[in-house]
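Any chance you can model this:
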Amino acid sequence: MIKIAPSILSADYASLGSAVDALKPWGADYVHLDVMDGAFVPNITFGAPMVKALRSHTDLVFDAHLMVDEPSKWVQDFKAAGADILTIHIEADRHAHRTLQLIRSLGMKAGIALNPQTPPEAIEYLLEAVDLILIMTVNPGFGGQRFIPEAAKKIAVIRKMLQEKGLAGKVEIEVDGGVNAETARICREYGANVLVAGNAVYSAPDPREMIGRLRGE
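Coordinates of the predicted model:
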């Protein structure tokens with residue numbers, strides 16, 4: 001099953017509650033929350049207090065993507081805010097395995113993200129410590145960027161790595177960056193099963209129809 005995780009990074013920041021309210025009727029599976037600190041990436045979005053404020057708006061899975069330095073500092077706060085999945089970047093944490101263990105110990109699912117230039121082998125030793133792998137198909141920091149086809153090729157490599165370790169079906173492969181109806185097909189064919197889409201959903205004339213197209217329906 002292909003899951004769709006609309007990113008509220010592309011929603012109207014003045015009406016984020018309403019933007020989250022709309023996602024379940026549209027048929028979304030997750031709410032993707034792009035957290036940026038202005039250090040790991042050149043932009044600042046929002047933190048745990050905003051996530052907590054939005055939690056009452058839906059019972060959809062909160063998929064929090066921490067694009068921050070030293071993410072271990074914020075794990076407890078995002079648990080308290082209501083995150084269900086907490087994804088950190090391999091490039092941002094010198095002790096990623098320990099942080100992933102902490103995330104799981106608090107009852108959240110743990111994810112590891114890779115920037116476009118990071119090879120799949122960088123997370124090979126972490127595969128049994130995660131529930132989700134997030135492959136960035138743009139350089140993180142801003143919404144609305146163009147999809148990098150070369151980065152998407154890592155999907156197939158990671159899918160094979162999971163199969164070889166007997167983890168296929170246990171670890172989700174998520175893709176974030178430039179996902180639209182056309183690039184979603186590429187991601188699905190490579191083996192991704194969670195697609196993050198911001199502009200494609202929030203700027204669509206019919207967001208529900210667009211979510212169906214992203215799934216390949």
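
which residues in the protein form strands?
Using DSSP state E, the strands of the chain run over residues 3-6, 30-36, 61-67, 85-89, 109-114, 132-136, 172-176, 194-197.

just the helices in this structure please.
Using DSSP state H, the helices assigned to the chain run over residues 16-21, 23-26, 48-55, 75-81, 96-105, 149-152, 154-164, 181-190, 199-202, 207-215.

Packed most tightly, which of the ones you listed would that be?
Of all the helices of the chain, helix 199-202 carries the top mean neighbour count, a mean of 22, counting by mean count of other Cβ atoms under 10 Å. No exception for glycine: its C-beta is placed from N, CA and C like everyone else's.

hang on, the earlier thing: can you put the helices of the chain in TSV and add distance to Asp34 and mean pLDDT?
Shown next, in TSV, are the helices of the chain (distance: least, Cβ to Cβ, whole Å; pLDDT from 0 to 100):
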stretch	distance to Asp34	mean pLDDT
helix 16-21	12	98
helix 23-26	15	98
helix 48-55	11	98
helix 75-81	13	98
helix 96-105	17	98
helix 149-152	17	94
helix 154-164	20	98
helix 181-190	18	97
helix 199-202	13	96
helix 207-215	17	98
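
Export those as a markdown table, with columns for distance to Met1.
Output for the helices of the chain, formatted as a markdown table (distance: least, Cβ to Cβ, whole Å):
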| stretch | distance to Met1 |
| --- | --- |
| helix 16-21 | 22 |
| helix 23-26 | 16 |
| helix 48-55 | 24 |
| helix 75-81 | 26 |
| helix 96-105 | 23 |
| helix 149-152 | 20 |
| helix 154-164 | 16 |
| helix 181-190 | 11 |
| helix 199-202 | 18 |
| helix 207-215 | 8 |
